[in-house]
Structure formats: structure tokens, C-alpha cells
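Visitor: Can you look at this prediction? I've put the sequence above it.
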Amino acid sequence: MKITGIELRRIAMPLVAPFRTSFGTETERDVLLLRVVTPDAEGWAECVAMTDPLYSPEYVDGAAEVLRRFLIPALPAHPDAHTVGRALHPFKGHRMAKAALETAVLDAQLRVSGQSLAAFLGASADQVPCGVSIGIMNSIPELLDTVQGYLTEGYRRIKLKIEPGWDLAPVRAVRERFGPDLPLQVDANAAYTLADAPHLARLDPYDLLLIEQPLANDDLVQHARLAPRLTTPLCLDESIESAEHAAAAISLGACSIINIKPGRVGGYLEARRIHDLARAHGLAVWCGGMLETGIGRAANLALAALPGFTLPGDTSGSHRYYATDITEPFVPRDGHLPVPTGPGIGVDPVPDILDEVTVSTEWITL
Ligand code: OSB
Ligand code: MG
């Protein structure tokens with residue numbers, strides 16, 4: 001497949017409500033989109049890097065820079081999704097930038113061949129259950145109202161962001177109000193240390209599905225020490241950047257569940273490798289999110305339809321974050337989203353909406 005050029009497009013997407021985690025508050029999503037142009041098709045991808053390097057070392061300006069300076073110039077003359085990964089391998093890190101480039105090439109390739117991303121990846125479901133990630137709130141009553149609202153919309157699983165000072169009380173309040181059958185989990189985004197183990201064990205009585213990334217990104221050994229001190233299953237997000245990391249975490253006993261985000265691990269092919277590895281070892285996986293627009297959301301739904309994704313993901317409807325999505329909105333029905341069936345990621349940006357949110361575009365001729 002010959003690529004004639006690649007567009008880097010920055011868009012600014014206002015969030016319907018501020019989203020607060022232990023690492024910061026977002027009010028607007030600053031997104032880098034890639035459009036790969038070939039004589040026969042265009043491929044789209046969304047880079048999940050955030051404005052500031054707080055969740056991980058990557059950030060949007062840095063991703064754009066490494067793409068234009070190193071990654072795009074390294075593309076083979078006639079790339080496909082598999083050869084892109086190999087060509088980018090010598091460059092260390094920058095997995096979110098690499099994932100965006102590989103995904104845009106893969107999307108173009110699949111649109112040419114007429115195959116959906118879900119079929120390409122080996123998906124087995126045609127719809128996936130929707131979970132929702134709820135940010136840190138100003139008060140417990142506000143949190144309970146928010147949870148109630150999502151349950152009314154049909155969401156199947158609730159994830160609460162936690163941090164020191166906002167952990168036991170919100171979990172207790174949600175359990176007491178919504179009962180023992182609510183699938184409930186928490187995400188600390190690396191806000192604790194191993195010295196907090198006795199405190200984190202106080203979450204055990206609330207029968208959570210999992211606790212996500214309690215300790216620092218690079219603390220695999222500490223997570224392995226923490227896991228046996230909790231009855232709550234331990235899930236890793238930030239710590240798992242590759243299949244090698246997943247293998248290390250599994251053999252150390254650092255987690256029993258993995259949140260797979262294709263951007264964090266360098267693309268959908270690596271995401272599938274982690275899925276396959278986890279499945280072979282009996283670990284559950286689920287599909288995380290990075291406040292994606294419809295472009296990234298569509299591709300995540302394809303991944304979440306693989307058979308090892310046995311827990312609901314952060315695969316929410318478009319309106320959980322955006323009043324107006326740049327694609328046709330994903331609207332949950334009966335707590336599920338359909339897996340796109342069209343060629344490639346199966347969705348396209350709506351040109352007028354895309355133009356309205358566009359901050360800048362840059363064309364790179366190949
Ligand atoms: O840790 O899973 C996370 C959003 C941005 C960065 C990191 C995380 C999140 C979420 C929300 O929890 C996921 C989503 O709904 O897209
Ligand atoms: Mg997380």
C-alpha cells in the first residue's frame with residue numbers, strides 16, 4: 001500500500017463535565033488525529049496522549065513532534081500494519097504516537113480490503129457491555145447522584161476514581177446506596193505507596209471487582225507485594241506498556257487482571273498479544289479508555305469484542321464525555337454498544353463537525 005501523505009490534525013473537544021483523577025482535572029480534551037491518505041482509501045486514528053505528561057510520559061505536543069520528526073519518516077515505502085510496527089521498533093517508548101500511526105495505516109489497509117477491524121482482530125461479540133469511569137467529585141451526594149444517573153442510562157459497571165482522602169467514604173456510600181449486586185471497581189492512577197497496604201485492605205469488605213493501579217507506574221515488584229495483602233483483585237493499567245511487561249507482571253503475581261489500552265501499549269496488534277497472553281494464563285482483561293472521540297472509541301469497541309475481554313470496559317457512550325462527537329455518536333442500548341461492522345474502524349468523522357473543533361492541521365507529503 002502506497003501512502004501519499006499524512007495529516008496531523010489537532011482538535012479541541014470540550015468535556016460535558018470536568019473529569020478529575022488523582023493526577024489532574026480535564027475540562028477539554030486536546031486530541032491529535034492522524035489521517036493516512038493512500039490512492040484507494042484514507043485511514044483514521046486518534047492519539048490518546050493527553051495535554052500534560054501526568055498519566056504517562058507522553059503528551060500531545062511530544063507525540064506530534066516524534067511523529068513528524070522520527071516515526072513518519074521511518075515508514076517503509078509500502079507499509080502495512082505489521083511492517084509499521086517493525087519499522088518503528090528501534091525508537092524507544094512513544095507508544096501512544098506509534099499506536100496512532102500503526103492504527104491509521106491499519107484502518108486504511110482494512111478499508112481497501114473491506115474487512116472490519118473487529119474481524120481482523122478476531123472479535124467474537126457483536127456488542128459489548130458499557131462500563132463508566134466516574135471522576136473524583138466534590139461531595140458524596142454529588143457522587144451518588146452521578147452514579148444514579150449512569151445506572152439509569154443502563155451502564156453495567158461503575159468505576160470510581162480514588163485518591164488518598166477520597167477512597168473508603170465514596171466506596172462505602174456507593175455500596176450502601178446501590179447494594180451488593182452493583183459491579184463496582186476503583187482506579188487510583190498510582191496515587192498510593194506500599195505503606196498504604198493496610199489502608200487499601202480496608203476496601204476489601206466492599207467486594208470490589210478490582211482495584212486498578214494503586215501504586216506507581218514502575219512499581220511492578222511492589223504491586224506483587226501488595227496483591228497478596230488484599231482480597232480485592234489487583235488490576236494494572238499504567239504499569240503494562242507491552243506484552244513483555246504483561247508477562248513480567250503475570251510471572252511476578254503483580255496482578256490478576258489487566259486493563260488493556262491500545263494507545264498505552266503501542267497499538268492494536270500489541271493489545272491483542274497481551275489479550276492472548278493473559279487469556280492463556282487465565283487472567284481477565286478489559287478495555288480501558290482515554291476519553292476518546294468516536295474515532296478511538298470505534299476501534300476500542302472492536303478490541304473489546306475479543307473473547308478474553310470478560311469484564312466490562314470503560315467503553316461508554318459518546319455523551320459520557322462529549323455533547324457532540326466528531327463521528328456519529330455511540331449511544332448505548334440496554335447498557336451495550338454495538339461493535340462497528342464497516343470496513344476498518346467502521347466510522348468516519350463528520351466533516352462539518354470536525355472542522356468546527358479543529359485547531360490546526362499539518363500535511364506531511366510522503
Ligand atoms: O486511568 O483509566 C484511566 C482517563 C484518562 C486517563 C486515564 C484513565 C482514564 C479513565 C477514563 O479512567 C476512561 C474513559 O472513560 O475513557
Ligand atoms: Mg486507569
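Guide: Right, received. Where do you want to start? Ligands and ions are numbered 1, 2, ... in the order given.
Visitor: going forward, measure contacts between C-alpha atoms and count neighbours the same way
Guide: OK.
Visitor: helix/strand/coil for residue 17?
Guide: Secondary structure, DSSP: H, G, I helix; E, B strand; the rest coil: residue 17 is strand.
Visitor: what does the model give it for pLDDT?
Guide: With respect to pLDDT, residue 17 scores 97.
Visitor: Surely it and residue 29 touch.
Guide: No: the pair residue 17 / residue 29 is not scored as a contact, 11.2 Å apart, by Cα atoms under 8 Å.
Visitor: who's in contact with the worst-scoring helix or strand of the chain on mean pLDDT?
Guide: For the chain, the helix or strand with the lowest mean confidence is helix 81-88, at a mean of 95 (criterion: mean pLDDT, DSSP states H and E). The contact list for helix 81-88 (Cα atoms under 8 Å, 6 or more residues apart in numbering) reads 71, 74-76, 98, 102-103, 105-106, 109.
Visitor: Quick check: buried residues in it?
Guide: For helix 81-88, burial by neighbour count (16 or more other Cα atoms under 10 Å) applies to 81, 84-85, 88.
Visitor: Which one of the contacts of helix 81-88 is nearest to residue 321?
Guide: Among those, residue 103 lies closest to residue 321 (Cα to Cα), at 22.5 Å.
Visitor: Spell out which residues sit in contact with that closest one, please.
Guide: 43-45, 81, 267-268.
Visitor: Excluding chain neighbours, what is closest to the residue of the stretch 51-200 of the chain found nearest ligand 1?
Guide: Per Cα to the nearest ligand atom, the residue of the stretch 51-200 of the chain with the smallest distance to ligand 1 is residue 133, at 5.0 Å. Leaving out its chain neighbours, the residue that sits closest to residue 133 by Cα to Cα, 6 or more residues apart in numbering is residue 159, at 4.7 Å.
Visitor: any idea which helix or strand carries the one you found?
Guide: strand 157-161 (DSSP states H and E).
Visitor: Can you list the strands that that strand pairs with?
Guide: Strand pairing for strand 157-161, determined by DSSP bridges: strand 131-134 (parallel), strand 184-187 (parallel).
Visitor: Enumerate the residues of the stretch 201-350 of the chain near ligand 1.
Guide: Contact residues (Cα under 6 Å from any ligand atom) of the stretch 201-350 of the chain with ligand 1: 288-292, 314.
Visitor: circling back: and of the buried residues of helix 81-88, the nearest to residue 230?
Guide: residue 85 (37.7 Å).
Visitor: those strands in the chain, which residues are they?
Guide: 5-21, 24-37, 42-47, 127-129, 131-134, 157-161, 184-187, 211-212, 234-236, 257-260, 284-287, 336-338, 358-365 (DSSP state E).
Visitor: okay, those in CSV with mean neighbour count next?
Guide: Putting those into CSV (neighbours: other Cα atoms under 10 Å) gives the following:
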stretch, mean neighbour count
strand 5-21, 18
strand 24-37, 20
strand 42-47, 26
strand 127-129, 23
strand 131-134, 24
strand 157-161, 24
strand 184-187, 23
strand 211-212, 27
strand 234-236, 26
strand 257-260, 26
strand 284-287, 23
strand 336-338, 20
strand 358-365, 13
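Visitor: before we move on, the earlier item: can I get the strands paired with strand 157-161 in JSON lines with mean pLDDT?
Guide: JSON lines is the format used below for these (pLDDT from 0 to 100):
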{"stretch": "strand 131-134", "mean pLDDT": "98"}
{"stretch": "strand 184-187", "mean pLDDT": "98"}
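Visitor: what would those look like in JSON lines with distance to residue 240?
Guide: As requested, the strands paired with strand 157-161 are exported to JSON lines (distance: least, Cα to Cα, whole Å):
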{"stretch": "strand 131-134", "distance to residue 240": "19"}
{"stretch": "strand 184-187", "distance to residue 240": "15"}
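Visitor: And these: which comes nearest residue 3?
Guide: Nearest of those to residue 3, taken as Cα to Cα: strand 131-134 at 37.0 Å.
Visitor: picking that back up, which one of the residues of the stretch 201-350 of the chain next to ligand 1 sits closest to residue 94?
Guide: Of those, the one sitting nearest to residue 94 (Cα to Cα) turns out to be residue 290, at 15.8 Å.
Visitor: ok, that closest one - contacts?
Guide: Neighbouring residues of residue 290 by Cα under 8 Å, 6+ apart: residue 48.
Visitor: Domain parsing of this protein, as residue ranges.
Guide: 5-113+347-365, 119-338 (automatic domain parsing).
Visitor: Just send the strands of the chain back as CSV, with distance to residue 309 too.
Guide: Output for the strands of the chain, formatted as CSV (distance: least, Cα to Cα, whole Å):
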stretch, distance to residue 309
strand 5-21, 24
strand 24-37, 26
strand 42-47, 22
strand 127-129, 9
strand 131-134, 13
strand 157-161, 14
strand 184-187, 16
strand 211-212, 16
strand 234-236, 14
strand 257-260, 9
strand 284-287, 5
strand 336-338, 14
strand 358-365, 34
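Visitor: so which of the contacts of helix 81-88 also contact ligand 1?
Guide: Answer for the contacts of helix 81-88 near ligand 1: none qualify (Cα under 6 Å from any ligand atom).
Visitor: Check these for burial and list the buried ones.
Guide: 71, 75-76, 98, 102-103, 105-106, 109.
Visitor: From the residues you listed, which land in helices?
Guide: Cross-referencing the buried ones among the contacts of helix 81-88 against helices under DSSP state H gives 98, 102-103, 105-106, 109.
Visitor: Relative to residue 181, which of those is nearest.
Guide: residue 103 (37.6 Å).
Visitor: tell me the pLDDT at that closest one?
Guide: Looking at residue 103, the pLDDT reads 98.
Visitor: try residue 6
Guide: Looking at residue 6, its pLDDT is 98.
Visitor: partners of it in the sheet?
Guide: With DSSP bridges as the rule, residue 6 is bridged to residue 36, residue 364.
Visitor: That concludes my questions; thank you for your assistance.
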